[in-house]
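*Asks:* Take a look and give me a structure for this.
(one chain, ligands or ions: 1)
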Amino acid sequence: MNAKILIVEDEPAIQELLAFNVMQAGFQALRAEDADSAWQQIRGNVPDLILLDWMLPNISGVVLAKQFRADTRTRDIPIIMLTARGDERDKILGLESGADDYITKPFSPRELMARIRAVLRRHLPGLPDETLSAGGLKLLPASHRVTAKGIAVELGPTEFRLLHFFMTHAERVYSRTQLLDQVWGTQVFVEERTVDVHIRRLRAALEPVKMDNMIQTVRGSGYRFSITTT
Ligand code: CA
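*Replies:* The predicted model follows:
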């Protein structure tokens, strides 16, 4: 399941921009424009993270953050506060109200996504230890091992993370940019061509066990992991 991110922002253009970036990165976006609609969303769908604008009509983001922290349904949901105000006093006030991180407008989509991932990583412990399996391929996060029909597959750390991402997001196409964001994370100063290099290495590692065709090139779009090979 992709993480659900609740965006609480009253300015339609910014809400739209946030939702676009969140979805582009593979998350689900839930939207609200004030405290009431935020609570309404939460009643229907508990989010994994809340992006909360400071300046909201009626009830401010700071007050709403305190409400979230006081309610058992939302107590443990990480909050990133968005604000146009950058001074240190506001930052401290935001964090004291219960936010986990704080981002100042205007922000770059990359910075925003890096913050979201960092906060989610802190809250959802790393790679879950459960073994992943798909089409005869098994990946064991705890021991960093991969087997194909019982045969060990040797992978470098990046190929391992790449395969882990693919196995948890099978049958969907990801662009090089999306893969960079998801797999390389905050080390964003990497060329898109790097993705191709690691895809090649991953395929080469899977070739001896005849599973390289699970890593599929989708012309003009990117790559997909699929157990349906033709
Ligand atoms: Ca606002």
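*Asks:* Show the low-confidence segments of this protein, by residue range.
*Replies:* Along the chain, the parts satisfying pLDDT under 70 run over 1, 86-87, 122-129, 185-190, 229-230.
*Asks:* near the ion, which residues of it show up?
*Replies:* The chain comes close to the ion at residues 10, 53, 55, as judged by C-beta under 5 Å from the ion. Every residue, glycine included, has its C-beta placed from N, CA and C.
*Asks:* The last one is in contact with residue 84, isn't it?
*Replies:* Yes. With contact taken as C-beta atoms under 8 Å, residue 55 and residue 84 are classed as touching, separated by 7.1 Å.
*Asks:* Mind checking which of those two has more residues around it?
*Replies:* Shown here are residue 55 and residue 84; by other C-beta atoms under 10 Å, residue 55 has more neighbours (15 against 11).
*Asks:* Checking residue 106 next. Helix, strand or coil?
*Replies:* Secondary structure for residue 106, judged by DSSP: H, G, I helix; E, B strand; the rest coil, is coil.
*Asks:* ok, now how distant is it from the ion?
*Replies:* Residue 106 sits 13 Å away from the ion, taking C-beta to the ion, to the nearest Å as the criterion.
*Asks:* Repeat that for residue 120.
*Replies:* Counting by C-beta to the ion - residue 120 and the ion are separated by 23 Å.
*Asks:* Tell me which residues are up against whatever helix or strand that residue lives in.
*Replies:* Using DSSP states H and E, residue 120 falls within helix 109-123. The contact list for helix 109-123 (C-beta atoms under 8 Å, 6 or more residues apart in numbering) reads 3, 5, 17-18, 21-22, 24-25, 27, 48-49, 51, 76, 78, 80, 100-101, 103, 181, 185-186, 188.
*Asks:* now do stretch 24-37
*Replies:* Applying C-beta under 8 Å, 6+ apart, the contact partners of stretch 24-37 are 2-10, 12, 15, 18-19, 22-23, 38, 40-41, 45, 47, 56-59, 63-64, 67, 109, 113, 116, 169, 174, 178, 181-182.
*Asks:* Check whether residue 228 sits in a helix, strand or coil.
*Replies:* Residue 228 is classified as coil under three-state DSSP.
*Asks:* so the residue nearest to it when sequence neighbours are not counted, which of the three states?
*Replies:* The shortest distance from residue 228 to any non-neighbouring residue, by C-beta to C-beta, 6 or more residues apart in numbering, is to residue 171 (7.5 Å). Secondary structure for residue 171, judged by three-state DSSP, is coil.
*Asks:* Verify the contact between residue 171 and residue 223 for me.
*Replies:* No. Counting by C-beta under 8 Å, residue 171 stays clear of residue 223, with 11.9 Å between them.
*Asks:* which one of these two has more residues nearby?
*Replies:* The neighbour count for residue 171 versus residue 223, taken as other C-beta under 10 Å, is higher for residue 223 (22 against 12).
*Asks:* Would you confirm that the more buried one contacts residue 199?
*Replies:* Yes. Using C-beta under 8 Å, residue 223 is in contact with residue 199, at 6.0 Å.
*Asks:* Now do the shared contacts for these two.
*Replies:* 215, 217.
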